[in-house]
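Participant: Turn this into a structure:
(chains A and B)
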Number of protein chains: 2
Amino acid sequence: MTRDRIEILVESIKRLLRRGATKSLQNIVRKTHAADLSIVFRELSPTGMNTLFHMIKDIDKKVVLLSELEENTFLDFVKVIAIDDLVQVFEQMPADDAAELLGWLDEGMADEILQKMKKEDSLEVEHLMSYGEDTAGSIMMPDFIALKEDTCAKDVIAALQNEFLDVEMPFYVYVIDEYGRLVGVSSLRQLVVVQPDRPLKEFMAKDIVSVKTYTDSEDVAKLVARYDYLAVPVVDNDNRLVGIVTVDDVIDIISEEATGDILKMAGVGEDYIETQTVLRGTRIRLPWLFTSFLGGIGAFFIIGGFQESLAKFTYLAAFIPVIMGMGGNIGTQSSTIVVRGLATGKINTRDLWSVVFKELTIGLILGIVYGVFIGIVAQVRFHTELLSLELAFAVGLAVLVSMTVAALVGSLVPMLFEKANIDPAVATGPFVTTSVDIVSVYCYFMIATLLLGI
Amino acid sequence: MTRDRIEILVESIKRLLRRGATKSLQNIVRKTHAADLSIVFRELSPTGMNTLFHMIKDIDKKVVLLSELEENTFLDFVKVIAIDDLVQVFEQMPADDAAELLGWLDEGMADEILQKMKKEDSLEVEHLMSYGEDTAGSIMMPDFIALKEDTCAKDVIAALQNEFLDVEMPFYVYVIDEYGRLVGVSSLRQLVVVQPDRPLKEFMAKDIVSVKTYTDSEDVAKLVARYDYLAVPVVDNDNRLVGIVTVDDVIDIISEEATGDILKMAGVGEDYIETQTVLRGTRIRLPWLFTSFLGGIGAFFIIGGFQESLAKFTYLAAFIPVIMGMGGNIGTQSSTIVVRGLATGKINTRDLWSVVFKELTIGLILGIVYGVFIGIVAQVRFHTELLSLELAFAVGLAVLVSMTVAALVGSLVPMLFEKANIDPAVATGPFVTTSVDIVSVYCYFMIATLLLGI
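Facilitator: Take a look at the predicted model:
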């Protein structure tokens, strides 16, 4: 459903809720996809959510709706809904989704829900929750199709029709030995194509890509994306199959990773959420601003050291913004290109020097271009003043230096961080901008005082 | 394969290429997944690629390898490989991938390849290439499984084993009427579960989500991501089924969209590629720097207007960097949060005022915090000077104002752009930073001159 159609949906549902038009609401709810309802929920008051939720007849629809909710919407919703209704839904929910939602709740509530759930369901969920955050184990789905290698095609299909009827994504049939170790895989596609009486071991693929329970979820995502898999099996240290990560989760991971990088580079916490409280937002954003505050104070003392020069040539101050701005901006360009390049694998730390050298060259060229521009501006503006030529040359040179240094720092720093296994996105933003500010200001005044012989 | 293992692979292949150790190379090539070879290619010289390519026996492997190559690697590769080898691969390649690769070539070469391809293959590809860039039509796969609604389950399976044997992603069976119009869909899963003699119309799903050939590919991606589909059908204006977009393409779209946003916000062209020439890189990055150059010049003339104040209180200049820096950084934070929030659908233009108000509040709080900090610094540094208290108050107030305004502009501007259907990512970066710079400097000197009574 397109954004505008969602908006129309939201408006009409809100109106009907106000009017308490139960019948029409039930109609809409029946006709609307659960994933769309989850977006509608974002716009509703908790009581509104509650009313709507109880109009959903189909439990599976409730399951999808809840598992698609965002953290904050979900947390608002659980405030109003009866715990038993929640339990009922959680019992039907795929364990990986349930584990994620419960992870958002405070422990007390999560435990209460787990207590009330059927033992076999809650055990699965608790097991998943025991894996470290952002690992394959924590996002995998523990129900999958696994059969012994001598099962023949038609028996596999029979199994699909019976015991595996409620497996969420039955696109691969995994083959295990008597110890539950992963030995092969066959696609549902192959199954319908081969002779019904052929055993799995004859047509299964034996070169299987699998991940460990502790594999970083972003690496799992990269894997699935690169090989165009629909799911990747997760094994424990003894290569026993314990779950699968499916492509729909991978899509979420990739999009979240990108958002994380963008926010980190802007000096906002990786998991910054618009809908969180002002105070939390403030706390998350304070630290990076502090780094740049220190940078500013640094520049403050540097400039303070050039009081006399400024006293003689007050107009030197007027060039501070443009020199800082040009350096800061090209520095951001370089670091962004490198950070994103590293994240998408288009840049490799092995290419360190070629990448840095290229950015350096670009910085130099652009530095010359804008150095000349600014020199001209200075000359035009101050040609009456004495030493105006030296001034023009000084500011031009300052821009050139600041832009070149900025491109160098902006590309070198993230590369080095990556090499040192420090997340370049998180480290680059504050470090680059701050250091570039200081360097720019310092170089500017050094050059100016030298050339103007102050 | 993890990054380090890829690096090892690259190194050994390079070594073997130097030694011309054909046998061992053939072994490695046979054992390595085509997707991994495509990454190895990035690191090889054209001739190296050529040698390796001809060691691949399996044509399908060649197909995957080529379709996984990045634009620049592919363009290097086609310089060395014989056109007929290319044609051979393109004939086997899924039309959507072929269309993408040919789109990268200059027309002359693309035409030559299309000429040499078997008519039926080339027609499919040319058809795809005729759709607008970034539309569902241009990324869809034209081969899919479509059957009439009275076909019964076992006949569908029979069809899978024969006519549809080489369909790439056979997870949905689409149901069409006699005019080829899409009327239903059934999953491969359902097929093996239902009674073999039941016709499709009895168990197919009738509420089908489909997209038009001209639907924006990013909207298609959002759709697939939201509903956890494996593929979405593409129909023409008469609702005739013409292709499907599969989840593996969706993953690429989502990741590219995110990269595009990050680069645009940093004032770099959306499709900036690290590996492109220095000159192209320079040209792409020049424009945004020019905006910020104009901003700097603006600030230059503003400060120039306060010559006398600066002459009296030279140390006023020392505060310019910190005031500009704090404003600029919080502005970037706000605009990044809003732009990414809009892209991921977590922020909606309908929430304009609540979002802006929240950012404004955060800006105000952080402004007070850092205003006080800087006031203290000023007081400590200049307590001996006359009017030191007024100065401290002036700079503190300036920071407060500049940070509040920055948060306001940073959140309001992208929201307005989105409302006006202008890509907020592209417009925000330059606009926000530049305007914030000017406003900050102006407010600072106004406040200072007033309070210091200059």
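Participant: In terms of helices and strands, where is the residue nearest to residue A:306 when sequence neighbours are not counted?
Facilitator: Leaving aside its chain neighbours, residue A:306 sits nearest to residue A:445 (4.4 Å; criterion: CB to CB, 6 or more residues apart in numbering or on different chains). From N, CA and C alone the C-beta is placed, and that goes for glycine too. Secondary structure assignment for residue A:445, by DSSP states H and E: helix A:424-451.
Participant: Does anything pack onto that helix? Which helices or strands?
Facilitator: helix A:247-265, helix A:278-304, helix A:307-312, helix A:320-343, helix A:388-419, helix B:320-343 (3 or more CB pairs under 8 Å, 6 or more residues apart in numbering or on different chains; DSSP states H and E).
Participant: out of those, nearest to residue B:181?
Facilitator: Residue B:181 lies closest to helix A:247-265 among these, at 28.3 Å (CB to CB).
Participant: And the average pLDDT for that closest one is what?
Facilitator: Averaging pLDDT along helix A:247-265 gives 84.
Participant: Can you name every helix or strand that it contacts?
Facilitator: helix A:217-227, helix A:320-343, helix A:424-451, helix B:217-227, helix B:247-265, helix B:320-343.
Participant: tilt between it and helix B:247-265?
Facilitator: Inter-element angle recorded for helix A:247-265 and helix B:247-265: 10 degrees (by axes from the mean of the first three to the mean of the last three CA atoms, to 10 degrees).
Participant: for chain A, where's the lowest mean pLDDT among helices and strands?
Facilitator: helix A:188-193 (a mean of 78; mean pLDDT, DSSP states H and E).
Participant: So it, near chain B or not?
Facilitator: Yes. Against chain B, helix A:188-193 shows contacts by CB under 8 Å from any CB of the partner chain at A:188-189, A:191-193.
Participant: and these as CSV, adding neighbour count?
Facilitator: Output for those, formatted as CSV (neighbours: other CB atoms under 10 Å in any protein chain shown):
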residue, neighbour count
A:188, 23
A:189, 18
A:191, 21
A:192, 19
A:193, 17
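Participant: now, which of these sits nearest residue B:183?
Facilitator: Of the residues of helix A:188-193 next to chain B, the one sitting nearest to residue B:183 (CB to CB) turns out to be residue A:192, at 22.8 Å.
Participant: Not counting sequence-adjacent ones, nearest residue to that closest one?
Facilitator: Closest to residue A:192 by CB to CB, 6+ apart is residue B:157, at 4.9 Å.
Participant: how near is residue A:360 to residue A:435?
Facilitator: 16 Å (CB to CB, to the nearest Å).
Participant: go on, residue A:213?
Facilitator: On the measure of CB to CB, residue A:213 and residue A:435 end up 40 Å apart.
Participant: Tell me how many other residues surround the residue of the stretch 301-450 of chain A at minimum distance from chain B.
Facilitator: Relative to chain B, the nearest point of the stretch 301-450 of chain A is residue A:322 (2.6 Å; CB to the nearest CB). Neighbours of residue A:322 under the rule other CB atoms under 10 Å in any protein chain shown: 29.
Participant: can you count the residues close to the residue lying closest to it once chain neighbours are set aside?
Facilitator: Residue nearest to residue A:322 in three dimensions, not counting chain neighbours: residue B:296, with 2.6 Å by CB to CB, 6+ apart. Each residue near residue B:296 was counted by other CB under 10 Å, and the total is 29.
Participant: Run through the residues that contact residue B:296.
Facilitator: Neighbour list for residue B:296: A:321-323, A:325-326, A:374, B:437 [criterion: CB atoms under 8 Å, 6 or more residues apart in numbering or on different chains].
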